[in-house]
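J.: using only what follows, build the 3D model:
(chains A and B)
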Amino acid sequence: MNKHAAPNLKAEKIAGGVATDQRHDSAHKHVSGTAVYIDDMPEPAGTLHGCLGLSAATHATITSMDLSAVRTALGVVDVLTANDVPGENDISPTGRHDEPVLADGKVQFYGQPIFCVIAETREQARRATRLAKVEYKELPFVTDIGALDPKRDKLVTPPLTLKRGDAATAIRQAPRRLKGKMRIGGQEHFYLEGHIAMAIPGEDQDVTIYSSTQHPSEVQHMVSHALGVPSNAITVEIRRMGGGFGGKETQGNQFAALAAIAAKKHHRAVKIRPDRDDDMIATGKRHDFLVDYEVGFDDEGNVLGVDFMFAARCGFSSDLSGPVTDRALFHCDNTYFWPAVHAQSAPLYTNTVSNTAFRGFGGPQGMVGAERVIDEVAFAVGKDPLEIRKKNFYGTSDRNITPYHQTVEDNIIQRIVAELEQSASYARRRREIAAFNANSRFIKRGLALTPVKFGISFTATHYNQAGALVHVYTDGSVHLNHGGTEMGQGLYVKVAQVVAEEFQIDLDQVKITATTTGKVPNTSATAASSGSDLNGMAAQNGARQIKDRLTDFAAEKYQVPRDQVLFLPNRVRVGNQEIAFADLVKQAYMARIQLSAAGFYKTPKIHWNRDKGEGRPFYYFAYGASCSEVSVDTLTGEYMVERTDILHDCGRSLNRAIDIGQIEGGFIQGMGWLTTEELWWDAKGRLRTHAPSTYKIPLASDRPKIFNVTLADWPEASEPTIHRSKAVGEPPFPLGMSVLHALSDAVASVADHKICPRLDAPATPECVLMAIERLKKEAEAGA
Amino acid sequence: MAKISIRNEMRFILNGRDVVLSSVAPDATLLDWLRLDRSLRGTKEGCAEGDCGACTVLVGKLSAGGLVYESVNACIRFLGSLDGTHVVTVEHLRGASGQLHPVQQAMVDFHGSQCGFCTPGFVMSLYGLWMQSSDPSNAAIEKALQGNLCRCTGYEAIMRAAHTISSYGKAAKDPLAAERKAITARLEAMHDGARVEIGTGKTRLVVPANVDDFAAVLDKEPGATIVAGSTDVGLWVTKHMRDISPAIFIGNLDGLCTISEDKGVISIGAGVTYTEAFSTLAERIPALGPLFDRIGGEQVRNMGTIGGNIANGSPIGDTPPPLIALGARLTLRKGKKRRTIPLETFFIAYGKQDRLSGEFVEAVHVPVPAKDTKFAVHKITKRRDEDITAALGAFFLTLAKDGTVEEVRIAYGGMAATPKRASSVEKALLGKPWTEQTVETAMAEYARDFTPLTDMRASAEYRALAARNLLLRFLAETSGTREPIQVSRHEAA
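T.: The predicted model follows:
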């Protein structure tokens, strides 16, 4: 990559087109420490540094705030409070006006930002922050949704109801029925690079902000509101994030807004990088849920009707809780046809940090609820849960209507599961595990195979659009820009592959450039797994516009029909002669052909009526399945994942190497969510797991001992997606469910698989041991 | 005592260049210095508490075995502790013509990075491992990476890369190996036997010339903060912004870094790191090997000391319970005066130890269990590796010829305000046959010995239950069962 090599004009294929394994475009920079993250950029001279002052009360009115010692502390230049916000003191991403930049008179969670110290150095800002004297009048607070009534208590945003058929009657008339409740924990993103923003003031009202964000356009809008200036004064740029996972979809707004306010006020660059504890305390996480379910079924284990209540801990403001809880309902079917279904959400107000987007965006919680129902039915009828799963799968030509009345047209789950069942030797290992458990007193093994179906598209239809900007320079090199952001997922290289393929030039001729609101406007968040789908299409559109002009030009200049202009690797065949791509470009330039284009794409076919609960919110579905085996120590609840097999569907993969990485990483992250990652609040409402010393994400030594990940090589997207590939960001995340269910299977063995363990998540060793104890007692009592 | 010369500057090598600093704050971290003063921004801050490894660098130090490079967390490593060392950052790895180092090339080719933020830390940890082992096992790689968090890859690609590094190049040809002699000579030249003293008052730091010098300095300045591995003190600074001045850095004192055995008693100097103690302890007291592998991550084990683990008196320190169960004794020193006490009496109450003003922990003496004794230690955590103890039990037992319990010491961490003996449980076992019936009776006694707390690591109920069940595990493992008695990551080597 260092030297600009001349393109091969005789190649049969370009280097780095679609459907080839390409390295991450920045890999060589990652490994050598030269990839620049925002904190690595050289600071302009005189850069100031900010530190947030956080609330020490969980719900209170602020009776006095004495910041005099802060203001006079060494190095302090300013202390911003709500009064210093020149525009609107609000960064609510959905316009509900419920989330102040800085709390004004009232705090609603422990750790809410109430002031921001601006100092000459970051250390001075951090030290000064601790000198504040804030007094509170405490108000009653609630942090746990277990104490709330989802039907009566305060919601942060309107709930959703999905229904199809008459679930109540179906359940009532079913031969068998049962009810239950499941607690599903939240999750901290733990992106390795924490939040950061650096604002550099310009002339007039201008400010340029480098923000670690998945949503530069939203940062632009929020900053413009907070400053009270038009959007055209604000430019937001991000080359790369050190991880996002949804945690940087809206949560960067606060830091960007404060940095911008201080930068404009003091005419100096301002950088705000919270330390890890502040980042974990003051920014939102995955929603935790309490799921109430009731299911009617027959003796064979066919589900006849289901009723769900998905109550979510949303925190003190709405943020994205509306669409997140909606998506939980959209996935309360997972891969299953519910003949009659009624599902409600309850986005509950709590005095905790406002929960936000996190890979899967509520979908995984919905699917975990669905899988619990399947487990309950399986235990009730005394069959292997996998058998009940398969029995209730969506059909391909019938039994294929979702709770939101979209027809599942691309169902491949039967084949995915059948192939995985085979390759993972499910039946044989089921027998072996039974034999092992019969002879092992303390250690029990468990096995589970769980499916995944994930809906692709933003459910807010208008987000399903994207723009790109493609320039071809006179030497034939290409400058590519689009609205998607790079957070490690390999979006930049995938979109560059699409452009290389379109022009038929080697990938190294395409320069990938930092995402900025100045080049491509009004972009959507890089979220909902949509990055490659949307931006790949937009970039392809941009490239095609230029290619069309080049084709017209060549046809005219060389007097050949248009269909005799063919883009071959690094060259163009025009009639009988071949011209190097760069040469043709040069000729086109001399003939004053425009060599730049703004590409655009909007996803077709999708629509959604939230009031009716009907529509086609998803363009297509991505599928996968995983099979995990665990061993559990029944004395302590400690466990180990012995083996996991995954078969996953990425359609016709744009880049298998990148996609495999997404699947492996998504699975481990999903497994972490359901096992060791526990958020813990104390009785005072303080989050006590706010650093890696107390919040435990998986390590290399938590990987399954045997880990087989396979991309299904036969599926292709049924819709004309970018080169018939499928999205891969979120769908692999819920593959981690197989570990939770394998743990459940191992726990169930202590009561001869007669009692559903009802294992909550995260299934920490403690949770597992307590479930074992409960089952042993119930088995004794029942015996 | 010979007169100690005093030097008012510290010296070390950063990558290729000598560094001389005459102004160093006692609480200045290596990471901030690299990033802010030297603009070496390949080394990242992920957590500032030694848990994520994004800031991993190598520190080369002269020891009895010559020049040894170890991975450390730059975020909690104080600049003041680096006198006479060679600091190697990720910027040092690329060749003169810009080509990637074998570790880097393997990571690129096997797609070992996604967002890339943790990657320099992984590269440095793998570099440290590769220099020690050209063909590491899965277990060795996982161990070397226990202190590195990655949130994107799920580690699988990194493991694939780690297994192939040696096909990209030989460690013997690595610049650090090729320049070993020259670097050694340069470091030796820096070791002039002087005490380093820099600054006054709140900026004062001291690096004593030797142990006697340390004893003298501390006697004079009993309020000073003693910094050995800084895996705890580092957090006082990065997390709590505590004033640690004046600070005395003792990590480099040869006299505290010795480990020796005499008449069945292993004496471990207070400055011996977990890594340095590992081979001796794992060989002589095998049950300690697996425990040590689960203390912190590799970087923390390379820095943290057993003496520090004892001296800070934490109720969840991992070494006191097994050392108490083994009957260890502790030598404390003040000036020239020494006293040796049973380790268990050192822990008086939460935050209170039997240590006088100006006194320091000099060494701990651990009797090697006799052949016919039984000893085990079990640590329970939320995440298996690199996690802080929820409960830890250590068991020492000898049986009489008739199979009754002749001698028993059981000590726990995480179950009380200090590391504590389970004396009622011991009493219930003593003199009884070592059988399940006896154990079950004894298990009821735990409630007398411990009233554990509920916190973010575990509930009181879980601690009580799991701690009790560990006795059953100990019975099973001492009774020759062939069934598995605990889950394991790797088959025993």
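J.: what about the lengthiest helix in chain B, average pLDDT?
T.: Scanning chain B for the longest helix, with DSSP state H as the assignment, gives helix B:460-478. Taken as a whole, helix B:460-478 carries a mean pLDDT of 97.
J.: give me the buried positions along that helix.
T.: B:462-478 (16 or more other C-beta atoms under 10 Å in any protein chain shown). Yep, even glycine has a C-beta here, placed from its N, CA and C like the rest.
J.: which residue sits closest to the closest residue to chain B within chain A, ignoring its sequence neighbours?
T.: Closest approach between chain A and chain B, counting by C-beta to the nearest C-beta: A:G33, at 2.0 Å. The shortest distance from A:G33 to any residue other than its chain neighbours is 2.0 Å, reached at B:G42 (C-beta to C-beta, 6 or more residues apart in numbering or on different chains).
J.: ok, B:V206 touching B:S245?
T.: No. Under the criterion of C-beta atoms under 8 Å, B:V206 makes no contact with B:S245, lying 10.3 Å away.
J.: more neighbours, these two?
T.: Ranked by neighbour count (other C-beta atoms under 10 Å in any protein chain shown), B:V206 and B:S245 place B:V206 first, with 25 against 18.
J.: who's in contact with the helix or strand that one falls within?
T.: B:V206 is part of strand B:205-207 when elements are defined by DSSP states H and E. Strand B:205-207 is contacted from outside by B:10, B:24-26, B:80-81, B:83, B:195-199, B:217, B:221, B:224, B:245-249, B:252, using C-beta atoms under 8 Å, 6 or more residues apart in numbering or on different chains.
J.: tell me how far it lies from the chain's centre.
T.: 22 Å (C-alpha atoms, centre = their mean, to the nearest Å).
J.: where does B:L62 sit: helix, strand or coil?
T.: When classified by DSSP: H, G, I helix; E, B strand; the rest coil, B:L62 comes out as strand.
J.: give me phi/psi at the residue lying closest to it once chain neighbours are set aside?
T.: Nearest non-adjacent residue to B:L62, counting by C-beta to C-beta, 6+ apart: B:L187, 5.4 Å away. In terms of degrees, to the nearest 10, the main-chain angles of B:L187 are phi -70, psi -40.
J.: apart from its neighbours in sequence, what residue is nearest residue 465?
T.: Using chain A. That would be A:K602: by C-beta to C-beta, 6+ apart, it lies 4.4 Å from A:Q465.
J.: if you could check chain B rather than the one you did, that'd help
T.: Using C-beta to C-beta, 6+ apart, the closest residue to B:L465 is A:L769 (6.5 Å).
J.: helices or strands up against the helix or strand harbouring that neighbour?
T.: In this structure, A:L769 is located in helix A:765-782 according to DSSP H and E. Helix A:765-782 makes packing contacts with helix A:737-748, helix B:460-478 when contacts are defined by 3 or more C-beta pairs under 8 Å, 6 or more residues apart in numbering or on different chains; DSSP states H and E.
J.: nearest to B:N73, out of those?
T.: helix B:460-478 (28.7 Å; C-beta to C-beta).
J.: which one of the helices and strands packed on helix A:765-782 lies nearest to B:P102?
T.: Of all those, it is helix A:737-748 that lies closest to B:P102, at 34.3 Å by C-beta to C-beta.
J.: is any residue of the closest one near chain B?
T.: No. Against chain B, helix A:737-748 shows no contacts by C-beta under 8 Å from any C-beta of the partner chain, the least distance being 10.4 Å.
J.: what lies in contact with the helix or strand following the strand holding B:V206?
T.: Next helix or strand after strand B:205-207 toward the C-terminus (DSSP H and E): helix B:211-220. Applying C-beta under 8 Å, 6+ apart, the external contacts of helix B:211-220 come out as B:1, B:4, B:195, B:206, B:208, B:224, B:226, B:248, B:250, B:253, B:255-256, B:333-336, B:358-360, B:362.
J.: buried subset of those as a ChimeraX selection?
T.: Here is the ChimeraX selection string for the buried members of these, based on 16+ other C-beta under 10 Å:
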select /B:195,206,208,224,226,248,250,253,255,256,333,334,358,359,360,362
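J.: quick revisit: hang on, the residue of chain A closest to chain B packs against B:T43?
T.: Yes. Here A:G33 reaches B:T43: they are 6.8 Å apart, a contact under C-beta under 8 Å.
J.: can you give me the domain boundaries for the chain?
T.: No chain was given, so I picked chain A. A:27-35+A:465-602, A:401-460+A:616-783 (automatic domain parsing).
J.: you answered for a different chain; I wanted chain B.
T.: As assigned by automatic domain parsing, chain B contains the domains B:6-91+B:180-249, B:102-173, B:254-367, B:373-478.
J.: now the terminal residues of the third one, how far apart.
T.: What it means is domain B:254-367. Terminal residues of domain B:254-367 are spaced 23 Å apart (C-alpha to C-alpha, to the nearest Å).
J.: from the chain's centroid, how far away is that domain?
T.: Taking the mean C-alpha point of domain B:254-367 and that of its whole chain, the gap between them comes to 11 Å (C-alpha atoms, centre = their mean).
J.: any buried residues in the worst-scoring helix or strand of chain B on mean pLDDT, and which?
T.: Ranking every helix and strand in chain B by mean pLDDT, DSSP states H and E puts helix B:175-178 at the bottom, with a mean of 90. Buried residues in helix B:175-178, counting neighbours by 16+ other C-beta under 10 Å, are found at B:L176.
J.: do stretch A:121-138 as well
T.: A:122-129, A:131-132, A:134, A:136.
J.: what does stretch B:264-281 give?
T.: Those would be B:266-278, B:280-281, for stretch B:264-281 by 16+ other C-beta under 10 Å.
J.: repeat that for stretch B:323-342.
T.: Buried-residue list, stretch B:323-342, by 16+ other C-beta under 10 Å: B:323-334.
J.: so which residues make contact with it?
T.: Against stretch B:323-342 from outside (C-beta under 8 Å, 6+ apart): B:212, B:215-216, B:218-219, B:285, B:310, B:343-344, B:346, B:354-356, B:358-367, B:369, B:375, B:377, B:394-396, B:409-411, B:419, B:421.
J.: just the ones of those residues in strands?
T.: B:359-367, B:375, B:377, B:394-396, B:409-411, B:421 (DSSP state E).
J.: now do the helices in the stretch 301-450 of chain A.
T.: Applying DSSP state H, counting those that start in this stretch to the stretch 301-450 of chain A gives helices spanning A:321-330, A:363-381, A:385-392, A:413-423, A:426-439.
J.: out of these, deepest packed?
T.: Mean neighbour count (mean count of other C-beta atoms under 10 Å in any protein chain shown) peaks for helix A:321-330 among the helices of the stretch 301-450 of chain A, with a mean of 28.
J.: please name every helix or strand in contact with it.
T.: Checking 3+ C-beta pairs under 8 Å, 6+ apart, helix A:321-330 ends up next to strand A:303-315, strand A:341-349, helix A:363-381.
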